[in-house]
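Asker: give me coordinates for this.
(chains A, B and C)
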Amino acid sequence: MMYVPTNPLPRERERARRASAEGEGDRVGTLQSKPARPHPALRAPLSRKPLKAHYVSWLQVSPLALILITLFATPTFLFLVVSFFDYDRVGIYPAFLLDNYHDLLTTPATLRVYLSSLRFALIVWAITLFLGFNIAWFLIHHIRSAMTRTVLFLLIAIPFWTSGIIRTIAWIPFLGRNGAFNQILMALRITSQPLTFLLFSDFAVIITYVHLFTLLMVGPIANAMSKIDPALLEAARDAGASRWRTMVEIVIPLSKTGITLGSILVFTQVMGDYFVVKTMSGGQSASIVSMLSTQIQAMEYPPASANAMVLVAFVAILVAAMMLVVDVRKELVK
Amino acid sequence: MDARFDVELVSVTKRYANATAVDDVSLRIPRASYCCLLGPSGCGKTTTLRMIAGHEAVTDGDILIRGANVTVAPPIRRGTAMMFQSYALFPHLNCLDNVAFSLKMRGIGKAERNRKAHAFLALMHMEGFAQRLPAQLSGGQQQRVALARALITQPRVLLLDEPLSALDPFLRIKVREELKRLQRELAITFIHVTHSQDEAMAMADLMVVMEDGRIRQAGPPREVFEQPTSAFVARFIGGHNVLSGDRGPIAVRADRCRLGTPGDGPHLSGRVAAVEYQGGVVRVALAIDDGDEISALVPDATFYRAPLEPGDPATFVWSEQDVHVLQSA
Amino acid sequence: MLAGSGRISGPSADRPWTFYALATLFGAWLLFLYGPMAVIYVLSFQGPNGGVTFPMVGTSLTWFRDIFRPEQMANLPAAFLRSIELAAVVSILTVIISVSAGLGFRRRFPGSGVLFYLAVASLVMPSLLVGFGIGLGFQVLGLPHGLFTSALGAQLTWTLPFGLFTMFAVVNRFNRTYEEAANDLGASPWQRLRYVTLPILMPGIIGIAMGAFTLSYDEYARTTLTIGTRNTLPLEIYALISSATSPTLFAIGTMTTAVSFLLIGITLAVVLRMQRKRRQLAGEQ
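Answerer: Next comes the predicted model:
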């Protein structure tokens, strides 16, 4: 058969290969259909390639790695170290004491603040999840024109361009006793007296959080939803699933990554908040970070660091728990 | 340097961590021939093509193009050009810039490369589309631009990865003819991967049937169709019935089977399983004793003189000279 | 832009009731979103004697004018400029670094897991802590805080993870066959990057640039402890709030929104014009 040279016997092949590697001529006696020997000059060790690819990747991620290590990992490590230091009104002293942690964890105020923050976080999470999911579904599934979808997305994203601080304090004139909302309510004769609980209360804090952070849910969830193949929904319909069942059995599982990402973002933003609670609760609640800030301003670095470490540990556990549910890494870096 | 062949594969192997995609494949493709790599999905035909192109690293073995060993050479130094299954026209460039791309990479000036690109677009009858973006073209048009882009590099071997799969049946036949004509005019080798045996038989000078990473049979289409060496090839190539004869597996062409009675010579009886009208012929499928099915292609006039229905008893007969002994499974 | 899932509800163009329910929710959401914004816009025209809450005491442009007058308490124009400068630098650096890293992450390499989780950690770590850490670090090393040193670094820890994760999404959608085609046609790795990969990724990259700019511009917590003495706009605003709240703040808010609308409007107009020009060229043939 002219097209497929019969393979030389294994022994012959090995000899032929060694011969060509050494650049010798065609051996007499090898099968007539053996193709021409490979030209030595063009051979190269095949093992070179895989290693090279790694180096390229390392080079490409090195600026990122450098910045994250020096500006994030190192300071975090610094926290850890300083949290064990001793201090007094004058300065800080290197030591290894557990006092800071002890003081922190045994103060009832700490527990109160953490619980308060956690409570806010859970409520805000639930609300933003509900709103974010529905808005994302509306935009991705119900809006058919790409133009309209883009415009609507821009509409809900533009307020983000205004400073969060300004958007927060804008709620004050809105919710205040003489504020716009009360004026509208009274004009519509829904109430006769202005509602006072609207401002400087838990209600105000939660409203503000929802206002600021829902977009953080909409984004990742919408992104995940856009990857769902419409044929899947049609197949579910064919199999007799109601709209609700389709949502539960198909859409929600396939949006898992987006929901997890959004949840992580919202949770950490609320737990790490400083400004909103301060402004909108009227002093009734404190936030963990504002506690920290006070300590920092008083230059009490060791207890501040201990506080920071506890918060970090707390957030890390939360995030890790959420990431156990969905392997975010696998989903993102396909 | 053996210049009788455009492409030579010498014991080429591609191994992945847990599978071997191409297993010790050797092949010689003569100058200026149309070669089709044919086989079911997963047989290694596309991997082989990509190794020839230089887009896939070779685990073992050598690839020679016009006698030069290109096993580790980058794609551009091989004298090959590839037409991708998805065409892969750069979406951000118009057709002219797409075609002129390789020249731009070589540093050729704008005026000259545009002139050449226009010429190649004209060759593909696409001059009017020079300023259009790929997204504004139909599938067939995109393919012609992709061809122009590949041919401007003046390759010795053009590699086509399932070029006709995305086209509708009518266009497919038209493009088939065009590709064949193009290959003759350019007098270079085309290597064309497909899973359609009709396509391969219609176009190939050299048809290479692959299975599980190995070449099962390679030769001109007539040779492969009339003398399949294995049961696999006989089945895959279509139009054959694989039966067990006294001395081993045999193949009988479906169009050489007639409807008859048991006394007419070699025969098999059973019940009609299906009747398929195919225009000039009718394919009658017969369910025989051991549960298998065999087919006969009966000329339509003959069939409709005494038509059969599924469930009717029937006998297929053939002549002794139409029995082809298979060498392996 | 994100792709939609297309027609689902059946052969007719009928909308299910869920569409109307969700549309109402969306409308309500828009009202909720822009409600306080409307308050800002209205109150920015507050009369010279009015305060930060209703009622309106006449209307005027006093507060807009106040923005441009450097006062003792706050130096808004300078702060604004600093914000823009810093945001521009952060934006450029974020693009370069996260695009590079995003491309690197296309392969599995030793250490990729660690780096990924480091980026996640940097993103979820409460901002003030990061600022605190960097501020402390600089202090310990005896280095002075500065706009383009410590503040820049602090902001990057925030924008880079965003940039990286956006790149993941962008790169996932990218079809590597284009790069193979470029190889086939003789492009060197640099040529491939410059003429094929980057141009096709460009919309995503612009998204990262705009995102990073916004994040930096609005950033408060990480910047505050690392900035030294000269403030960016958010910090200046905060200082304003703590000292004396006045409608100037709202004037700033109105202006910012107006600038955003303007920028987006310009971008859309430019994009539309480019598309029209392209269609024209194609049509002429």
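Asker: for chain A, what is the nearest residue in the stretch 201-329 of chain B?
Answerer: Nearest residue of the stretch 201-329 of chain B to chain A (C-beta to the nearest C-beta) works out as residue B:218 at 4.2 Å. For glycine as for every other residue, the C-beta is placed from the backbone atoms N, C-alpha and C.
Asker: tell me which element that residue falls in.
Answerer: Per DSSP states H and E: residue B:218 is located in strand B:214-219.
Asker: still on that earlier bit, who are the contact partners of the residue of the stretch 201-329 of chain B closest to chain A?
Answerer: A:1, A:3-4, B:27, B:206-209, B:224 (C-beta atoms under 8 Å, 6 or more residues apart in numbering or on different chains).
Asker: for the chain, give me the ranges with low pLDDT.
Answerer: Assuming you mean chain A. A:1-2, A:5-51, A:89-90, A:284, A:328, A:330-334 (pLDDT under 70).
Asker: could you do chain B instead?
Answerer: B:1-2.
Asker: chain A contacts on that one?
Answerer: B:1-2, B:8, B:10-11, B:24, B:26-29, B:57-59, B:62, B:64, B:67-73, B:206, B:208, B:215, B:218-219 (C-beta under 8 Å from any C-beta of the partner chain).
Asker: quick one, which of those residues are buried?
Answerer: Among the residues of chain B next to chain A, those classed as buried by 16 or more other C-beta atoms under 10 Å in any protein chain shown are B:8, B:10-11, B:24, B:26-29, B:58, B:62, B:64, B:68-73, B:206, B:208, B:215, B:218-219.
Asker: whichever residue of the stretch 201-334 of chain A sits closest to chain C: neighbour count?
Answerer: In the stretch 201-334 of chain A, the residue that lies nearest chain C is residue A:272 (2.6 Å; C-beta to the nearest C-beta). As a burial measure, residue A:272 scores 24 neighbours (other C-beta atoms under 10 Å in any protein chain shown).
Asker: with the one 4 residues further on instead?
Answerer: Counted by other C-beta under 10 Å, the residues lying close to residue A:276 total 26.
Asker: in contact with it, which residues?
Answerer: Counted by C-beta under 8 Å, 6+ apart, residue A:276 has contacts A:168, A:205, A:208-209, A:212, A:287.
Asker: restrict these to contacts with chain C.
Answerer: Counting by C-beta under 8 Å from any C-beta, no member of those reaches chain C.
Asker: gap between the host helix or strand of residue A:266 and the chain center?
Answerer: Counting by DSSP H and E, the element that carries residue A:266 is helix A:256-271. Relative to its chain's centre, helix A:256-271 lies at 6 Å (C-alpha atoms, centre = their mean, to the nearest Å).
Asker: tell me the SS of the residue most central in space within chain C?
Answerer: Nearest to the mean C-alpha position of chain C, counting by C-alpha atoms, centre = their mean, stands residue C:214 at 2.3 Å. Counting by DSSP: H, G, I helix; E, B strand; the rest coil, the backbone at residue C:214 sits in helix.
Asker: that one touches residue A:160, doesn't it?
Answerer: Yes. Judged on C-beta atoms under 8 Å, residue C:214 makes contact with residue A:160 at a distance of 6.6 Å.
Asker: please enumerate the helices of the stretch 151-285 of chain C.
Answerer: Per DSSP state H, counting those that start in this stretch, the stretch 151-285 of chain C carries helices over the ranges C:152-173, C:177-184, C:189-192, C:198-218, C:221-224, C:233-243, C:248-284.
Asker: so which of these is the most packed in?
Answerer: Most buried of these, by mean neighbour count (mean count of other C-beta atoms under 10 Å in any protein chain shown): helix C:221-224, with a mean of 26.
Asker: what is the mean pLDDT for that helix?
Answerer: In this model, helix C:221-224 carries a mean pLDDT of 67.
Asker: quick one: mean pLDDT over stretch C:18-38.
Answerer: Rounded mean pLDDT across stretch C:18-38 is 89.
Asker: go through it and flag the buried ones.
Answerer: By neighbour count on 16+ other C-beta under 10 Å, the buried set for stretch C:18-38 is C:18, C:22, C:26, C:29, C:33-37.
Asker: repeat that for stretch C:37-56.
Answerer: Buried-residue list, stretch C:37-56, by 16+ other C-beta under 10 Å: C:37, C:39-46, C:50, C:52-54.
Asker: which two of those residues have the greatest separation?
Answerer: Comparing all pairs in the buried residues of stretch C:37-56 by C-beta to C-beta, the longest separation belongs to C:37 and C:50, at 18.8 Å.
Asker: need the residues of the stretch 151-285 of chain C near chain B, please.
Answerer: C:175, C:177-178, C:180-188, C:191, C:195-196, C:199-200, C:202, C:278, C:281-282, C:284-285.
Asker: can you do 10 Å?
Answerer: C:175-188, C:191-192, C:195-196, C:198-203, C:278-285 (C-beta under 10 Å from any C-beta of the partner chain).
Asker: residue B:29 should be in a strand, yeah?
Answerer: Yes. Per three-state DSSP, residue B:29 lies within a strand segment.
Asker: list the contacts of it.
Answerer: A:3, B:5-9, B:35, B:52, B:65, B:157, B:189-191, B:205-206, B:208, B:218 (C-beta atoms under 10 Å, 6 or more residues apart in numbering or on different chains).
Asker: any idea how far residue C:217 is from chain B?
Answerer: In this view, residue C:217 and chain B are 29 Å apart by C-beta to the nearest C-beta, to the nearest Å.
Asker: pretty sure that residue sits against residue A:163.
Answerer: Yes. Checked against C-beta atoms under 10 Å, the pair residue C:217 and residue A:163 is within contact range at 7.9 Å.
Asker: identify the residue nearest the residue of the stretch 201-334 of chain A closest to chain C in space, chain neighbours excluded?
Answerer: Spatially, and ignoring its direct neighbours in sequence, residue A:272 is nearest to residue C:126 (2.6 Å; C-beta to C-beta, 6 or more residues apart in numbering or on different chains).
Asker: backbone dihedrals for the one you found, please?
Answerer: phi -50, psi 130 (degrees, to the nearest 10).
Asker: what about it, neighbour count?
Answerer: Residue C:126 has 25 nearby residues by other C-beta under 10 Å.
Asker: and if you look at residue B:263?
Answerer: Neighbour tally, residue B:263, other C-beta under 10 Å: 8.
Asker: likewise for residue B:238?
Answerer: 13.
Asker: gap between it and chain C?
Answerer: Applying C-beta to the nearest C-beta to residue B:238 and chain C gives a distance of 31 Å.
Asker: I'd like to know how far that residue sits from residue B:209.
Answerer: 11 Å (C-beta to C-beta, to the nearest Å).
Asker: need the residues touching each of those two.
Answerer: residue B:197.
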